[in-house]
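S.K.: Pasting the sequence and the predicted coordinates here, then a few questions.
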Amino acid sequence: REPSPARQGEFCRILDTHRHTTQRNSSCMSPSEASMRGRSGMRSSLFGANARGGLQSRNGGASDEQTEEQLERENEDELELLRDKVAAIKAVAIDIQDEVKTHNKLLDRMGEQFTTASSSLKSTMTRMQTMMQHGGSKHMCLLALFVFGVFLGLYWLLKTKK
């Protein structure tokens, strides 16, 4: 017994969905479906549309248009939500970019300051080594007396203010 044309069409749609193809084998197509190719053919196989591309309905064409309009409204609402989310993500990305630029400038300045401090410390250490090699004990005694005098002066200033 041969399957009815409607059953054969349904079977072909199921096979097409599994094969993920956009065009059907001509033996599975009705004459009106044979003219549809590409996007409308895929839409038909995915959404069960008739040959004109509209939705099939038991109640007639008016409900097809209402359903299609409702789907379009829902799509537009979803697109608007998506646009809002993309705009929010873009704003956050721009804020992050500004923060990164600010931090990079700060890091560059800190790097320059560390380089300056490092070279200053290196020259001080070189002078200290030279002094230790050539200076002897006379310079060390004068340095110790100076430090002792500074502490004694600070102690006296603090005592007299109270």
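M.R.: Perfect, I can see it now.
S.K.: contacts and neighbour counts: CA atoms only from here.
M.R.: OK.
S.K.: Which of the helices and strands in the chain ranks last by mean pLDDT?
M.R.: Across the helices and strands of the chain, mean pLDDT, DSSP states H and E gives its lowest value to helix 31-34, namely a mean of 47.
S.K.: C-terminal to whichever strand or helix holds Val100, what's the next element?
M.R.: Assessed by DSSP states H and E, Val100 sits inside helix 61-134. Following helix 61-134 in sequence order, the next helix or strand is helix 137-161 (DSSP H and E).
S.K.: what angle sits between that following helix and helix 61-134?
M.R.: Angle of helix 137-161 versus helix 61-134, following axes from the mean of the first three to the mean of the last three Cα atoms, to 10 degrees, is 120 degrees.
S.K.: Need the mean per-residue confidence for helix 137-161.
M.R.: Taken as a whole, helix 137-161 has a mean pLDDT of 88.
S.K.: Any stretches of this protein with poor pLDDT?
M.R.: 1-61, 135-136, 162 (pLDDT under 70).
S.K.: at 50 instead, please
M.R.: 1-2, 20-40, 42, 49-57 (pLDDT under 50).
S.K.: quick one: Glu76 from Arg109, how far?
M.R.: Going from Glu76 to Arg109 by Cα to Cα, to the nearest Å gives 50 Å.
S.K.: what's the answer for Asp98, then?
M.R.: Counting by Cα to Cα, the gap from Asp98 to Arg109 is 17 Å.
S.K.: Check Asp77 too.
M.R.: 49 Å.
S.K.: re the thing from before, counting contacts, what elements does the helix holding Val100 pack onto?
M.R.: The helices and strands touching helix 61-134, judged by 3 or more Cα pairs under 8 Å, 6 or more residues apart in numbering; DSSP states H and E, number zero.
S.K.: cutoff 10 Å now
M.R.: The contact analysis (3 or more Cα pairs under 10 Å, 6 or more residues apart in numbering; DSSP states H and E) places helix 61-134 against helix 137-161.
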